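Peer 1: got a structure for you, letters missing:
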Ligand code: ARG
């Protein structure tokens with residue numbers, strides 16, 4: 001039977017299927033670099049306690065760097081019979097490379113703390129990367145909003161035509177959700193960055209190891225405050241999965257809009273060939289698969305969030321192997337979010353925007369609120385003006401004309417306050433520019449929104 005790290009008290013060999021069932025190296029090998037970083041810091045802390053000599057420390061550090069190089073170059077040879085996870089694999093290899101000094105490295109340390117260190121270091125780096133990609137997406141959104149500023153489109157509620165808005169304003173509505181995701185990420189990163197190193201298997205470290213030094217050496221923001229909690233703590237994974245779930249909901253809603261807007265029935269936008277695929281049967285088809293995949297993958301991330309939280313919810317105190325179930329969803333979620341953000345960016349950067357189609361979809365009845373507002377400006381209470389404008393819409397429907405085509409005398413019959421200047425109200429551009437309070441769809445408000453995105457992403 002192969003020598004397992006913890007095999008001392010065992011007489012029987014592990015079942016083959018059980019070994020495969022238990023092993024995590026097949027996926028936690030992505031943590032190799034973080035694991036080695038953690039071990040180098042650990043070795044330095046052992047040196048401070050004089051558990052290692054200077055010579056042993058040097059041997060361990062250069063051995064670990066060699067192991068890291070083997071992973072990097074794809075030369076690390078996994079022992080499929082004994083390498084259970086990234087921690088045991090690295091320690092086993094270190095022993096082969098440097099001999100007995102390797103046996104001192106794990107003094108006072110547990111894999112329970114080690115896995116927490118590795119996952120947090122890795123996740124922190126990945127989240128920095130995601131923040132950068134998210135900023136790129138926001139930059140593209142802002143640039144496109146600037147580019148298409150003059151284009152007007154129908155704004156919808158309940159998917160029914162409501163009021164005219166700028167296409168840019170619609171785009172920025174999605175970007176605004178993403179700004180929230182970027183801001184939330186800062187808080188998540190802070191909580192990911194708590195260092196469990198030095199908590200032992202559950203009870204703490206008996207050698208007086210310098211936890212502050214180790215946290216600082218590894219670039220953590222804080223020291224995890226409770227050893228029992230630290231080895232049990234995957235809240236940072238839950239938070240990442242939940243953060244990602246909401247982000248994916250946002251990308252999915254944007255995708256849904258674009259899928260709808262790219263139908264022939266709307267024709268507002270066209271997804272570039274680079275982000276579309278065809279049909280094996282119907283030669284004419286061009287499908288927005290990029291966006292459909294994003295919409296679909298949102299469900300995948302949400303499922304992982306709820307799945308892992310279910311694994312977590314009834315765990316007894318401190319470390320239990322169930323916690324290993326946090327690793328795969330974390331890795332998969334980061335990969336999925338990264339891909340979806342980058343694909344969304346590509347889709348937006350290459351999107352063909354059909355302003356004429358959007359303009360053609362604007363109808364005069366979408367200015368009924370503006371008609372009501374016209375009378376408000378003449379002192380009529382809004383509840384009455386709403387009623388009057390409603391009567392005008394009904395009258396136009398009966399006469400089979402648009403509300404702008406009703407003659408002034410017909411309008412005057414409904415309210416004597418209508419004057420010839422009501423004609424100015426039937427102007428989509430004017431309607432949009434009236435909405436100039438902050439956050440509205442006027443060009444000034446839209447430009448201010450663009451500026452605030454630019455400020456956020458330059459931080
Ligand atoms: N692969 C394990 C995990 O992800 C590492 C910790 C193992 N610890 C233990 N006592 N078996 O949780």
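Peer 2: Arrived safely. Worth saying up front: this structure is predicted, and the values here are computed from it rather than measured.
Peer 1: Where do the domain boundaries of the protein fall?
Peer 2: 7-107, 112-360, 364-426 (automatic domain parsing).
Peer 1: so can I have CSV of the ones you listed showing distance to the ligand?
Peer 2: No exception for glycine: its C-beta is placed from N, CA and C like everyone else's. Output for the domains of the chain, formatted as CSV (distance: least, CB to the nearest ligand atom, whole Å):
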stretch, distance to the ligand
domain 7-107, 4
domain 112-360, 4
domain 364-426, 56
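Peer 1: which residue ranges form the strands in the stretch 151-300 of the chain?
Peer 2: 152-157, 160-166, 194-195, 222-223, 269-270 (DSSP state E, counting those that start in this stretch).
Peer 1: any chance of these in a markdown table, with mean neighbour count and mean pLDDT too?
Peer 2: Shown next, in a markdown table, are the strands of the stretch 151-300 of the chain (neighbours: other CB atoms under 10 Å; pLDDT from 0 to 100):
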| stretch | mean neighbour count | mean pLDDT |
| --- | --- | --- |
| strand 152-157 | 18 | 98 |
| strand 160-166 | 19 | 97 |
| strand 194-195 | 23 | 98 |
| strand 222-223 | 15 | 98 |
| strand 269-270 | 21 | 98 |
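Peer 1: and residue 378, which of the three is it?
Peer 2: When classified by DSSP: H, G, I helix; E, B strand; the rest coil, residue 378 comes out as coil.
Peer 1: Look up how far residue 279 lies from it.
Peer 2: 57 Å (CB to CB, to the nearest Å).
Peer 1: now residue 46
Peer 2: 63 Å.
Peer 1: These two - which one has more neighbours?
Peer 2: The residue with more neighbours, out of residue 46 and residue 279, is residue 46; 22 against 10, by other CB atoms under 10 Å.
Peer 1: Is the more buried one in contact with residue 106, as I believe?
Peer 2: No. Using CB atoms under 8 Å, residue 46 is not in contact with residue 106, being 9.7 Å away.
Peer 1: shaky segments in the protein?
Peer 2: Where the chain drops to pLDDT under 70, the residues are 1-2.
Peer 1: residues contacting residue 126?
Peer 2: With contacts defined as CB atoms under 8 Å, 6 or more residues apart in numbering, the neighbours of residue 126 are 334, 338.
Peer 1: May I have the phi/psi pair for it?
Peer 2: phi -60, psi -40 (degrees, to the nearest 10).
Peer 1: what's the burial count for residue 434?
Peer 2: 15.
Peer 1: give the contact list for it.
Peer 2: 370, 373, 442.
Peer 1: which of those residues tops the neighbour count?
Peer 2: For these, the largest number of neighbours (other CB under 10 Å) sits with residue 370, at 22 neighbours.
Peer 1: For the ligand, what's the nearest residue on the stretch 351-459 of the chain?
Peer 2: For the stretch 351-459 of the chain, the residue closest to the ligand is residue 459, as judged by CB to the nearest ligand atom, at 34.4 Å.
Peer 1: Strands of the stretch 301-450 of the chain, start to end?
Peer 2: Remark: strands assigned in the stretch 301-450 of the chain by DSSP E, counting those that start in this stretch are 352-353.
Peer 1: how about the helices in it?
Peer 2: 327-350, 355-360, 368-376, 382-399, 408-414, 428-434, 443-458 (DSSP state H, counting those that start in this stretch).
Peer 1: what's the burial count for the residue lying closest to residue 293 once chain neighbours are set aside?
Peer 2: Nearest non-adjacent residue to residue 293, counting by CB to CB, 6 or more residues apart in numbering: residue 343, 7.6 Å away. Residues lying near residue 343 (other CB under 10 Å) number 19.
Peer 1: doesn't residue 289 make contact with residue 343?
Peer 2: No. Assessed by CB under 8 Å, residue 343 is found out of contact with residue 289, at 10.0 Å.
Peer 1: Can you pull the residues that touch both of the two?
Peer 2: Joint contacts of residue 343 and residue 289 (CB under 8 Å, 6+ apart) are residue 275.
Peer 1: quick one, what contacts the residue lying closest to residue 48 once chain neighbours are set aside?
Peer 2: Nearest in space to residue 48, with sequence neighbours left out and distances taken as CB to CB, 6+ apart, is residue 210 at 5.9 Å. Taking CB under 8 Å, 6+ apart, we find residue 210 in contact with 45, 48, 198.
Peer 1: try 10 Å
Peer 2: Shown in contact with residue 210 (CB atoms under 10 Å, 6 or more residues apart in numbering): 44-45, 48-49, 198, 216-217.
Peer 1: which of those tops the neighbour count?
Peer 2: Neighbour max across the contacts of residue 210 (other CB under 10 Å) = residue 198, 26 neighbours.
Peer 1: I'd assumed residue 215 was in contact with it.
Peer 2: Yes. Residue 198 lies in contact with residue 215 (CB atoms under 10 Å); the separation is 8.4 Å.
Peer 1: Check the contact lists of these two and give me the overlap.
Peer 2: Listed contacts common to residue 198 and residue 215 are 117, 223-224; contacts here mean CB under 10 Å, 6+ apart.
Peer 1: between those residues, which is nearest residue 299?
Peer 2: Taking CB to CB as the measure, residue 299 lies nearest residue 117 of those, at 31.7 Å.
Peer 1: which SS state does the nearest residue to that closest one once chain neighbours are set aside fall under?
Peer 2: The shortest distance from residue 117 to any residue other than its chain neighbours is 4.4 Å, reached at residue 38 (CB to CB, 6+ apart). Three-state assignment for residue 38 (three-state DSSP): helix.
Peer 1: Distance of residue 38 relative to residue 144?
Peer 2: 42 Å.
Peer 1: Looking at these two, which one has more neighbours?
Peer 2: With neighbours defined as other CB under 10 Å, residue 38 and residue 144 compare such that residue 38 has more, 29 against 20.
Peer 1: which residues does that one contact?
Peer 2: Here residue 38 is in contact with 31, 64, 87, 90, 109, 113-118, 120-121, 195-197, 214, 217-218 (CB under 10 Å, 6+ apart).
Peer 1: Please apply the same query to residue 251.
Peer 2: Per CB under 10 Å, 6+ apart, neighbours of residue 251: 137, 174, 177-178, 181, 291, 294-295, 297-298, 301, 337, 340-341, 343-344.
Peer 1: returning to that earlier point: my guess is the residue of the stretch 351-459 of the chain closest to the ligand contacts residue 182, does it?
Peer 2: Yes. If you go by CB under 10 Å, residue 459 and residue 182 touch, sitting 9.4 Å apart.
Peer 1: Which one's more surrounded, those two?
Peer 2: For residue 459 and residue 182, the more surrounded residue by other CB under 10 Å is residue 182, and the numbers stand at 19 against 7.
Peer 1: Identify the spatial nearest neighbour of residue 415, chain neighbours not counted.
Peer 2: Per CB to CB, 6+ apart, closest to residue 415 is residue 388, 5.0 Å.
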